[in-house]
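Visitor: build me a model:
(one chain, ligands or ions: 1)
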Amino acid sequence: MINNIAEIKDDILMSIKDIESVEQLQTIRVKYLGRSGILTNLLKDLKNVNPQDRPLYGKLLNDTQRFIEQNIDTVMEKLLSRDKLLREKSESIDVSFSKITAKRGALHPLTKVKNEIINIFIGLGFSVEEGPEIEYTKYNFELLNIAADHPARAFADSFYITNDIMLRTQTSGIQARVMEKQTPPIKIVCPGKVYRPDADATHSPMFQQIEGLYVDKSVSLADLKYTLELFAKEFFDKDTKVRFRPSYFPFTEPSVEVDLSCAMCHGKGCFLCKNTGWLELLGAGVVNPIVLENCGIDSTVYSGYAFGIGIERATMVKYGIPDMRLLFENDIRMLEQFK
Ligand code: PHE
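Guide: A predicted model of the protein is given here:
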């Protein structure tokens, strides 16, 4: 029995020697002093011990209990103060550390301009329609009355995937898709990326357009002019003037090229407008009846207008940006000016 107790003391010293955590120490405490711990059981057995030996043996067990408690308490204190130090270290703030400057992001100028244009047209009663960037030639060309010998249809002037599937060159294909499905009135704007094999200061192989289409009974060129004037005054400023010049698109008849009085010099002449006082902004016209018929709309009842705005072009004109490539390089010094 006495030997047994000496062994317990040795064991306890051994097991708390390299202890790592408070939890481990608690387990050891339970192992010896818990309700059915080693020492607790010995104390319970005391009643079976021979009555003369009981006082001596009882004292020995009490001493051992105290011994175990003291040793465990000492180690516990060490562990707790170590944990406290670690916690303080990890939570401390180095006030001499230089501050981290997080930069605030912003929408790309092209996205801003696109949203702005869309919002103006939503305000005029248009809704937004989108379509696929990989398009059938049927929608990009055929239904829009673009004849087989039109230069845009040449393999060198468009990106083809197969003979009848291509990267769309204009968002006008969405017009055809919507007219095929819906009956007038149709009043939509169609934003999206388009692709053409051109690349220089004012052309990029990928750029964005926003096309507008309004088809209803007795829609005329005058409605088109009125709408574009409202748009120009809202997008630029109130005294912006709009000028129509005759032009040609297979899908509109008559077709016009739309100029705005220069946003920079207000018509006086500057580098942006090449001293003409006017900026060419978009193509438009009265929807060719052939296109209406191609898409299943009775051209004796309905008429419409359409226009197509280049978003890069609109951004360049609005902010006086001389080179389109600046809009794609994403130089942070350039982008930050649009925050
Ligand atoms: N789709 C023409 C283009 O890409 C623009 C346009 C749209 C012209 C609608 C007239 C009517 O150049």
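Visitor: who's in contact with the closest residue to the ligand within the stretch 101-250 of the chain?
Guide: Nearest residue of the stretch 101-250 of the chain to the ligand: Gln170, at 3.7 Å (CB to the nearest ligand atom). (Glycine included, C-beta is placed from N, CA and C.) Gln170 sits next to Asn140, Val194, Gln209, Glu211, Gly308 when contact means CB atoms under 8 Å, 6 or more residues apart in numbering.
Visitor: restrict the residues you listed to contacts with the ligand.
Guide: Filtering the contacts of Gln170 for neighbours of the ligand using CB under 6 Å from any ligand atom leaves Glu211, Gly308.
Visitor: for Val30, give its distance to Gln24.
Guide: Taking CB to CB, to the nearest Å as the measure, Val30 falls 11 Å from Gln24.
Visitor: Lys181 - how many residues pack around it?
Guide: By the measure other CB atoms under 10 Å, the count of residues near Lys181 is 10.
Visitor: phi, psi for it please.
Guide: Main-chain torsions, Lys181, degrees, to the nearest 10: phi -90, psi -30.
Visitor: A strand includes Gly283, no?
Guide: Yes - assessed by DSSP: H, G, I helix; E, B strand; the rest coil, Gly283 belongs to a strand.
Visitor: what sits opposite it in the beta ladder?
Guide: Glu257, Gly308 (DSSP bridges).
Visitor: check contacts around it.
Guide: Going by CB under 8 Å, 6+ apart, Gly283 touches Ser247, Phe249, Ser255, Val256, Glu257, Val258, Phe307, Gly308.
Visitor: just Ser261 next, same as before
Guide: Asp239, Thr240, Lys241, Val242, Arg243, Gly267, Gly277, Trp278, Leu279.
Visitor: now it: how far from Val286?
Guide: 24 Å.
Visitor: interface residues of the protein facing the ligand?
Guide: Near the ligand, when you scan the chain using CB under 6 Å from any ligand atom, you find Gln170, Ser172, Glu211, Phe249, Thr252, Gly283, Ala284, Gly285, Ala306, Phe307, Gly308.
Visitor: quick check: the second one vs Leu282, distance?
Guide: It refers to Ser172. 12 Å.
Visitor: ok, so of the contacts of Gly283, who is nearest Leu85?
Guide: Closest to Leu85 out of the contacts of Gly283 is Gly308 (70.1 Å), distances taken as CB to CB.
Visitor: in the protein, which spans are strands?
Guide: 127-128, 134-136, 165-167, 186-195, 206-216, 242-249, 252-261, 278-287, 303-310 (DSSP state E).
Visitor: looking at those, which is buried most?
Guide: strand 303-310 (a mean of 24; mean count of other CB atoms under 10 Å).
Visitor: can you tell me which helices and strands it packs against?
Guide: Judged by 3 or more CB pairs under 8 Å, 6 or more residues apart in numbering; DSSP states H and E, strand 303-310 is in contact with helix 172-181, strand 206-216, helix 221-235, strand 252-261, strand 278-287, helix 289-294.
Visitor: need the ones you listed in a markdown table (columns: mean pLDDT).
Guide: Listed next are the helices and strands packed on strand 303-310 as a markdown table, based on pLDDT from 0 to 100:
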| stretch | mean pLDDT |
| --- | --- |
| helix 172-181 | 95 |
| strand 206-216 | 97 |
| helix 221-235 | 95 |
| strand 252-261 | 95 |
| strand 278-287 | 94 |
| helix 289-294 | 97 |
